[in-house]
Structures are given as C-alpha cells and as structure tokens.
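In: Return atomic coordinates for the entry below.
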Amino acid sequence: MEAQPHTDTWLTRNELAERLKLPPRTLAAWATRGKGPRGVQIGRHTRYWLPDVIEWENAQRQNSRHAA
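Out: I've put the predicted structure just below:
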C-alpha cells in the first residue's frame, strides 16, 4: 500500500502563515480562541499537520460559498 502524499508533513506557524498569506500573530490569536486549523503543541512550539490544514481550508471554502 502506497502512503498518501503529505501525510507526514508538519508545518510551523510561520510556514502556515506564509501558506495562508496571514501574519503569524493572527494564527497565534486564533489558537487562543480555538479558531483556525488544529495545531499541536510540541514543547514550546506549535505544529500543524498538513492533512488537518487542508481539511480546514476546504471547510472554509464551503462556508464561504454558503455565506455568499
């Protein structure tokens, strides 16, 4: 069985911010309010698993379609 692409990819907050074109501080603020993609604390660092990020992005797209 072949592994799915990107299933072992973890993003830093800065990498995710670059991907979303947002300041890293926005992601930090979202994390304190329980918003945004699910993050995992590893020591003092937050990491975002790429499949979770993609799932969150897809949900955002669906929500924006319903709001329009």
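In: can you give me the helices in this structure?
Out: Along the chain, counting by DSSP state H, helices occupy 13-20, 24-33, 50-67.
In: most tightly surrounded among these?
Out: Greatest average neighbour count among the helices of the chain goes to helix 13-20 (a mean of 16), per mean count of other CB atoms under 10 Å. Quick note: C-beta positions are derived from backbone N, CA and C, even for glycine.
In: Check the offset of it from the chain's centre.
Out: 8 Å (CA atoms, centre = their mean, to the nearest Å).
In: quick one: contacts of it?
Out: 11, 23, 24, 26, 27, 28, 37, 39, 46, 48, 53 (CB atoms under 8 Å, 6 or more residues apart in numbering).
In: now stretch 34-43
Out: So stretch 34-43 is contacted by 13, 16, 27, 30-31, 46-49, 52-53, 56-57 (CB under 8 Å, 6+ apart).
In: How about stretch 50-68?
Out: Residues outside stretch 50-68 that contact it (CB under 8 Å, 6+ apart): 6, 7, 9, 10, 11, 16, 19, 36, 37, 38.
In: of all those residues, which two lie farthest apart?
Out: 7 and 36 (20.5 Å; CB to CB).
In: higher neighbour count, the two?
Out: residue 36 (19 against 9; other CB atoms under 10 Å).
In: returning to that earlier point: quick check: the farthest pair among the contacts of helix 13-20?
Out: Of all the pairs that the contacts of helix 13-20 form, the one spanning the most space (CB to CB) is 23 and 53, at 16.8 Å.
In: Return the set of residues that bridge with residue 41.
Out: Beta bridges link residue 41 to residue 46, judged by DSSP bridges.
In: any idea how far residue 57 is from residue 20?
Out: 8 Å (CB to CB, to the nearest Å).
In: can you check residue 40 too?
Out: 17 Å.
In: just residue 46 next, same as before
Out: 14 Å.
In: cool, residue 31 as well?
Out: Counting by CB to CB - residue 31 and residue 20 are separated by 13 Å.
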